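> Mind looking at a prediction? Sequence and model below.
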Amino acid sequence: MSGWSTLQLTEFFSAITRAGTVSTTARLAVQRATEATDAEVAAVVCGDEVPASVGLGRAPAPSQFTRLGPGCDETTFPGAGTMHVTVHILDRDAPTADRLIVARADEPFAAEERQMLQGMARVLGLALRSLRTLETERQLRLAQEREALARLELVEALERRERLLETLLRVQRSAGQQPLAEVLDMITSGAAGLLDGVTVALVLRDAVASVSGTPCEGLTFAADRAVTAGAPITCGDLEAAPVHINGDVAGALVIATAGAPSSAVPLPVTGALPGAVSPSGGASLPGAVSSSGGVSSPGAVSSSGGVSSPGAVSSSGGVALPGAGSSAGGVALPGAASSSGAGPGVRDAERRDVLAAFAEQASLALTGAHTLAAVHEAQHDPLTRLPNRALFLQRVEETITDGAAALLYLDLDLFKQVNDTLGHAAGDELLRAVAGRLRAAVRDTDMPARLGGDEFAVLLDPLTYRDQARDIAQRVIDAIAQPYDIAGRTVHTRASVGVAYSGGRSAERLLEEADLAMYRAKKTRKGTYQEFEPEMRLELPQVV
Amino acid sequence: MGADRWFGVGRSLAADPATAGAEACREALGGRRAGLLIVFASLTHATLEMARAVHAEAGGDVLMIGCSTSGEFTADGRGAGVVVNALGGYTTSVRAVPRDVDDLYEAGIRAASCLDDVDADNRVVLLLGDGRSSDQQEMVRGAYTVAGALVPLVGGCAGDNITQTGTFHFFSDGTDVHLLPNAVLGAALGSPAPFGIGIAHGWRKTGEPMVVSRSESGTIFELDGEPALDVYLRRTGADPALADDPDAFLTFATIRPLGLTRRTGEDIRVIFEADPVARSISGLADTPEGAMVWFMEADADQIVDAASAAAATATSGLASEALGLLVFDCCVRSIALGPDGTDLAASRLRDAVKPVPYGGFYSNGEIVRKPQAKGMHHLTVVALALG
């Protein structure tokens, strides 16, 4: 990747966060924007005013710039001839369509440059809004009309802005230096952190690439709508903004505006949910699988620790959005700021800001990473190249709604001994070999995946005859049981397999059932398969 | 009016500064009456007496700008003395900003405001900055707010024979002559014929990139999360003791610059100072946090050719043969090239430009602000051709 735009944006962040007034900030913005793109002319337009411009002399007529709106891609400046133009809105919530305008003579702005300038415009918008908030705060202080609580909330709003800028800067600095998956996780967890722990997911090509918080229903649906609209959308409790790769819509960043607070707390390793037991009943996972169980996938795909029960997810519909009294100018108003919901004090405008800013960050990171291979990587286990848990669950969710399918849950026996006696490198080699056997043992239409550790799963789709799942399960067991040549030694392992059948269950539920069946197989006779039966739920180990 | 425009250059290596100034000016004028004098003088010759002698030689009522150098050159050769460039027939105006204006952005605005006095089809602002000041890019940014996209900025920063002691500027707005330490000067030139500008360096990046993980203005504290000085010494294979010897470090580091990624190539950052306690390294221009930098290596032949390449580019933009050229050649290039290489570069410049007269000096930073060129440059050659 060139990384050029990422670096320019990082520099822009550093410069802009040091500025102390609206005019200095605007001046820095036009300078940096022109220098970053080798442009000749730039201006910041706020309403009918032009707080800063460069390239047309000391005092150009404001109308030279105020006449240029979004969508304008060419203009003629007197004396300077025709120039290519790009216009970027600073703050979509502002009533005046404040914008950053950049123009140059030699060639049109490339997609990457426009994306970078949009990132700059967004940061500039946030910085200007912060400064205006600060100015408002000063006025409030002078007037002595606000109560102490109002001031406190104002400071908190400022701190949130500050945190937003800092988080963006941190993400920005990581882009290009860390693996894409980690950067995407920083984006979702960063946005979630700023919004007091709501669920934030990045959906790419119809699959969740990264999620922070409790995954909830409709993420891909909302993402799909944003992708189709090519613009931010609201879809029930979800808000989504499209992300781009090289200017093309590639997916969306989705925020669940009304997260269920209890579901964001990692479950203790126990058979019963504390407190809010979900209507779907007993959804927590058995202690035996707690190392890899839960919604968040191990490793790269999600940094959240939020283990959820499917039932808890369904409670997400009930929380009201924060009040509609938010002011477009971003000044925190007493009262309106303390509504319940996604997080105390987080209001609509701020949430949209965060969504837009982080969607742009995601676009930049993805464009930087450049290739579909990188997107592929974010959804696959780097060791075995199999789909990872997030992608697997996604596919299961899509598949089980139409037709007969089954899910195999595999756990390797003796794996720990290999790791302990021959070392981790040998363990890794064994996992790769098992993945190869697994691939070979299933059909082309089936989807094997690595869930984490020594646990694998296979989605069997379609099932065309009665005992087909059993046959494939046995085939998998036999294939894996063949000896391996690892590090000059002959190594044996075997798989215990749980089988569960689709039938109106969610992906999570299906996985859980297969897991329980696997648990039974492991307990009764290792290296065999068991099919899920409802009474297995009663055998959950009770941990105090 | 075209027939009235002229450019002359004169050089003197006389030991006495005033004598050298008068001799150089006489040669440049060739009996003509100049509208603007542009004086380049080595640190040894950068005196008020020299400036007065030049001014008096031209008749005592003439605009004059100039600066101290790390050596000057003309088609007659290079050396440490005085070079005077004299122009006639151009519309001209000058400004001086003394060092007590410590906001370089403001200094740039004031220096470029000479443009207000010049109305012509083709205009250019010649800037002589102070190579010892912290961030000359700010000065160029200020000047650009005045000049804008229509008027290029070009020039160089005063030198001090690489002694890091201080620079001087020579100035006259017609009558009084001033010697100004660490100033910024501007001269606007107007002409019915176009001006040409050329820029070239010949360096290229090498090795693995490093990320500037902590910096403030021109000082880099960390590269790739490690103390910057340690990384710099290790990656250049330098003796660690170098950090404790400022002169040796300067000599070593100036020809091992860092390059900063830009859309159209690299911005070169010359490193000139190490802090053995803070483990930091410093250059003259801002190297922002988060930026990716490379070591830059020199391709000897391309560096030698940079001066002639810049001059050729500058003259190629003109409709007819240039009347003269001003050349700003980074002083560090001489260190990188050595005496023989510097002589070779000079002879290739002479061959490329012949028979057009030119005057230039070894500068502490080169200035071009026009499309595809951002402002301050380093280890670079800049040429202005007068049509």
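Here it is on my side, so go on. Worth saying up front: this structure is predicted, and the values here are computed from it rather than measured.
> For the helix or strand containing B:L63, give the mean pLDDT please.
Per DSSP states H and E: B:L63 is located in strand B:62-69. Average pLDDT, strand B:62-69: 97.
> next one: stretch A:225-234
Stretch A:225-234 shows a mean pLDDT of 89 in the predicted model.
> I would like the residues contacting that stretch, please.
Stretch A:225-234 is contacted from outside by A:92, A:222, A:235, A:239-242, A:249, A:251-252, A:254, A:352, A:355-356, A:359, using CB atoms under 8 Å, 6 or more residues apart in numbering or on different chains. (Glycine included, C-beta is placed from N, CA and C.)
> which parts of it are buried?
Under the neighbour-count criterion of 16 or more other CB atoms under 10 Å in any protein chain shown, stretch A:225-234 has A:R225, A:A226, A:V227, A:P232, A:I233, A:T234 buried.
> three-state assignment of the first one?
It stands for A:R225. helix (DSSP: H, G, I helix; E, B strand; the rest coil).
> before we move on, back to that, any chance of the buried residues of stretch A:225-234 in a markdown table, plus distance to A:L414?
Shown next, in a markdown table, are the buried residues of stretch A:225-234 (distance: CB to CB, whole Å):
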| residue | distance to A:L414 |
| --- | --- |
| A:R225 | 48 |
| A:A226 | 47 |
| A:V227 | 45 |
| A:P232 | 51 |
| A:I233 | 50 |
| A:T234 | 52 |
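> Among those, which one lies nearest to B:A20?
Using CB to CB, A:P232 comes nearest to B:A20 of those, at 70.1 Å.
> And the buried residues of stretch A:225-234, which two are furthest apart?
Of all pairs drawn from the buried residues of stretch A:225-234, the widest gap by CB to CB lies between A:V227 and A:T234 and measures 14.7 Å.
> Which of the three states applies to the most centrally placed residue in chain B?
Within chain B, one residue has its C-alpha closest to the average C-alpha position: by CA atoms, centre = their mean, that is B:G156, at 2.2 Å. Put simply, B:G156 is strand when judged by three-state DSSP.
> how close does it get to B:Y362?
9 Å (CB to CB, to the nearest Å).
> Phi first, then psi, for the residue of the stretch 251-387 of chain B found nearest chain A.
As assessed by CB to the nearest CB, chain A sits closest to B:G290 within the stretch 251-387 of chain B, at 3.2 Å. When read as degrees, to the nearest 10, the backbone of B:G290 gives phi 90, psi -10.
> How many neighbouring residues does it have?
Residue neighbour count, defined by other CB atoms under 10 Å in any protein chain shown, stands at 25 for B:G290.
> same check, this time on the one 3 residues further on
When neighbours are counted by other CB under 10 Å, B:V293 registers 24.
> so who does it touch?
B:P209, B:M210, B:V211, B:V212, B:L223, B:L258, B:G259, B:L260, B:T261, B:R269, B:T287.
> same deal with A:A357?
A:R122, A:V123, A:L126, A:L164, A:L168.
> and the second one, what element?
Assessed by DSSP H and E, A:V123 sits inside helix A:111-143.
> Quick check: next helix or strand after that helix?
helix A:148-174.
> relative to helix A:111-143, how tilted is that next one?
Counting by axes from the mean of the first three to the mean of the last three CA atoms, to 10 degrees, helix A:148-174 lies at 160 degrees to helix A:111-143.
> So for helix A:148-174, what gets flagged as buried?
Neighbour counts over helix A:148-174 (16+ other CB under 10 Å) mark A:150, A:153-154, A:157-158, A:160-161, A:164-165, A:167-169, A:171-174 as buried.
> what's the answer for stretch B:188-198, then?
B:A188, B:L189, B:G190, B:S191, B:A193, B:P194, B:F195, B:G196, B:I197, B:G198.
> Can you dump the C-alpha atoms of that stretch in CSV for me?
C-alpha atoms of stretch B:188-198 as CSV (Å, rounded to 0.1, in the frame of the first residue of the first chain):
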residue,chain,number,x,y,z
ALA,B,188,8.7,41.2,-6.7
LEU,B,189,9.7,41.1,-10.3
GLY,B,190,7.2,42.0,-13.1
SER,B,191,7.8,41.5,-16.9
PRO,B,192,5.8,41.2,-20.1
ALA,B,193,7.8,38.0,-20.8
PRO,B,194,7.4,34.8,-18.7
PHE,B,195,9.7,33.7,-16.0
GLY,B,196,10.9,30.1,-15.8
ILE,B,197,11.5,28.0,-12.8
GLY,B,198,13.4,24.7,-12.4
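> Report the distance from stretch A:477-495 to the chain centre.
38 Å (CA atoms, centre = their mean, to the nearest Å).
> max-length strand in chain B?
The residue-count maximum for a strand in chain B (DSSP state E) belongs to strand B:203-216.
> Let me see the residues that make contact with that one.
With contact meaning CB under 8 Å, 6+ apart, strand B:203-216 is reached by A:177, B:220-225, B:231, B:235, B:257, B:259, B:261, B:266, B:268, B:287-299, B:303, B:379.
> Backbone dihedrals for A:E107, please?
According to degrees, to the nearest 10, A:E107 has phi -150, psi 160.
> Around it, how many other residues sit close by?
9.
> Name the nearest residue to it, sequence neighbours excluded.
A:H84 (6.7 Å; CB to CB, 6 or more residues apart in numbering or on different chains).
> contacting residues for the one you found?
A:D73, A:E74, A:A103, A:R104, A:A105, A:E107, A:P108, A:F109.
> my read is it is in a strand, agree?
Yes. Applying three-state DSSP, one finds A:H84 inside a strand.
> Ramachandran coordinates for B:D351?
Torsion angles, degrees, to the nearest 10, at B:D351: phi -60, psi -40.
> okay but it is in contact with B:S308, surely?
Yes. Contact status for B:D351 versus B:S308: in contact at 7.2 Å, counting by CB atoms under 8 Å.
> Can you check which residues contact both of these two?
Contacts common to B:D351 and B:S308, judged by CB under 8 Å, 6+ apart, are absent.
> of these two, who's got more company?
Higher neighbour count among B:D351 and B:S308: B:S308, with 23 against 10, using other CB under 10 Å.
> ok, that one to B:P339 distance?
18 Å.
> Repeat that for B:S363.
For B:S363, the distance to B:P339 (CB to CB) stands at 18 Å.
> Then B:G35?
For B:G35, the distance to B:P339 - CB to CB - is 37 Å.
> same question, A:V102
Separation of A:V102 from B:P339 (CB to CB) stands at 46 Å.
> end to end, how far does stretch B:110-122 reach?
One end of stretch B:110-122 to the other measures 21 Å (CA to CA, to the nearest Å).
> I meant stretch A:68-77, not that one.
Stretch A:68-77 stretches 11 Å from its first residue to its last (CA to CA).
> All good on my end, thank you.
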